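# below: sequence and its predicted model.
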Amino acid sequence: MDRVRIAAHAKLNLLLRILAREAPAGGAARGYHQIETAFALLELADELVVTRTTSGITLTVHGPDLGPPEANLAVRAARAALEATGSTFGVAIELTKRIPVRAGLGGGSSDAAAVLHAVNALVHTAVPRPELLHYGARLGADVAFFASGVPAAVAWGRGERLFRLDPPPAAPALVALPPIAIATPDAYRWWDELYPEPAARGPVVLDAGAFTGWGSVGRLGGNDFEIPVFGKHPALRTLYEKLAQTHPLWVRLCGSGSAVAAVYASPALRDDAALMLGEKHQQLIKTMTRAIPAPGPEPLP
């Protein structure tokens, strides 16, 4: 097998709480943040084709400019996987980008996790799954969730400590994407500015049964990024409020933003919401939440 195709799905943060800020290390101005969150997959996905080559790592992107390839998380994932397997070959990565960037949907992290699995498939799964998940966690907090392949999980720490959940049922979803891009470090900095000396917060008690339906998911809690991000971008607050008025079962800012997502009881209600919002001031993506594990790499001729 010299060529595989794999989907890299987007995610929702069903809830997101910032529990504490770690002490800075190594001269850093700020430390990492400890969080508590719950992830769920969307059907919305990038597509990657990874081909074995004689040497090196190349990246071809069909979609927006993602910056220099050497800084791309998918390229870093390929390098880590090749080193882990002791492989002497290289890979060519062809990425068809459908997940909006800097929107809080986890596209870059999902691409990285997909590349880990794709490269491992090219060496006949030489790296055991637990070790592959470890490499994912080292690449980035969200990468661990995507690398697990599960459709839903609760996460703690920096987001790398996971507990698998039975996901809520698959449901129609609408992602509203304003013409604003938000870098996650900026969102954390805005939170730090609001809470320069944050009080210690413990995790909430989560009942696994609360994730069995979207109505109960909607009552679990909010997203701690909403206050600082909406403060910096009032238009995002307006978009959130408009989406909340379309009678969704659940609505939240996606991760650290800038997308806002809602889940509905039926495709008709979602489609009506899309008509009400229109696409004059934002892009709208109709999709579904995912209730089954993400598929693995598919061999190609």
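Cool, got the structure.

# quick one: low-confidence residue ranges for this structure.
Applying pLDDT under 70 to the chain flags the ranges 23-31, 203.

# my guess is residue 42 meets residue 105, correct?
Yes - the criterion here is Cβ atoms under 8 Å, and residue 42 meets it with residue 105 at 7.4 Å. Glycine gets a C-beta too; all of them are placed from N, C-alpha and C.

# residues touching residue 66, list them.
Neighbouring residues of residue 66 by Cβ atoms under 8 Å, 6 or more residues apart in numbering: 72, 97, 101, 108.

# same check on residue 105?
Per Cβ under 8 Å, 6+ apart, neighbours of residue 105: 10-12, 42, 44, 99, 175, 254-255, 259.

# what touches both of residue 42 and residue 105?
10-12, 175.

# quick check: bridge partners of residue 5?
For residue 5, the beta-bridge assignment (DSSP bridges) gives partners residue 49, residue 298.

# ok, now how distant is the closest residue to residue 15 other than its chain neighbours from residue 58?
Spatial nearest neighbour of residue 15, chain neighbours left out: residue 221 (4.3 Å); criterion: Cβ to Cβ, 6 or more residues apart in numbering. Distance from residue 221 to residue 58, counting by Cβ to Cβ, to the nearest Å: 43 Å.

# between those two, which is the more surrounded one?
Set residue 221 next to residue 58 and count neighbours by other Cβ atoms under 10 Å: residue 221 wins out with 18 against 14.

# the protein: strands as residue ranges?
3-21, 33-53, 57-62, 90-96, 152-157, 161-164, 172-177, 250-253, 260-263, 283-288, 298-299 (DSSP state E).

# which of the residues in stretch 85-93 are buried?
Buried residues in stretch 85-93, counting neighbours by 16 or more other Cβ atoms under 10 Å, are found at 85, 90-93.

# just the CA atoms of stretch 58-73, as CSV, please.
The C-alpha trace of stretch 58-73 is given here as CSV (Å, rounded to 0.1, in the frame of the first residue of the first chain):
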residue,chain,number,x,y,z
THR,A,58,5.5,17.9,0.6
LEU,A,59,2.1,19.6,1.1
THR,A,60,-0.3,20.6,-1.6
VAL,A,61,-3.4,22.5,-0.5
HIS,A,62,-6.6,22.9,-2.5
GLY,A,63,-8.2,25.8,-0.7
PRO,A,64,-7.0,28.8,1.3
ASP,A,65,-3.4,29.8,1.8
LEU,A,66,-2.3,28.0,5.0
GLY,A,67,1.1,29.6,5.3
PRO,A,68,4.5,28.0,5.0
PRO,A,69,4.3,24.1,4.8
GLU,A,70,7.0,23.6,7.5
ALA,A,71,4.8,25.4,10.0
ASN,A,72,1.7,23.3,9.1
LEU,A,73,0.5,20.9,11.8
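
# buried sites along that stretch?
So, applying 16+ other Cβ under 10 Å, buried residues of stretch 58-73: 59, 61, 66, 72-73.

# what's the answer for stretch 200-209, then?
For stretch 200-209, the neighbour count (16+ other Cβ under 10 Å) marks residue 206 as buried.

# and it, how far out from the chain's middle?
21 Å (Cα atoms, centre = their mean, to the nearest Å).

# before we move on, the earlier item: looking at the buried residues of stretch 58-73, point me to the pair that's furthest apart.
61 and 73 (12.6 Å; Cβ to Cβ).

# contacting residues around the closest residue to residue 114 other than its chain neighbours?
Among residues not flanking residue 114 along the chain, residue 8 sits closest, at 3.9 Å (Cβ to Cβ, 6+ apart). Contact analysis of residue 8 by Cβ under 8 Å, 6+ apart lists 45-48, 99, 107, 110-111, 113-114, 146.

# quick one: residue 8 from residue 179, how far?
Counting by Cβ to Cβ, the gap from residue 8 to residue 179 is 24 Å.

# run a quick neighbour tally on residue 250.
Neighbour count of residue 250, defined by other Cβ under 10 Å: 23.

# so what's it bridging to?
In beta-bridge terms (that is, DSSP bridges), residue 250 pairs with residue 263.

# hang on, isn't it packed against residue 217?
Yes - with contact defined as Cβ under 8 Å, residue 250 reaches residue 217; the gap is 5.5 Å.
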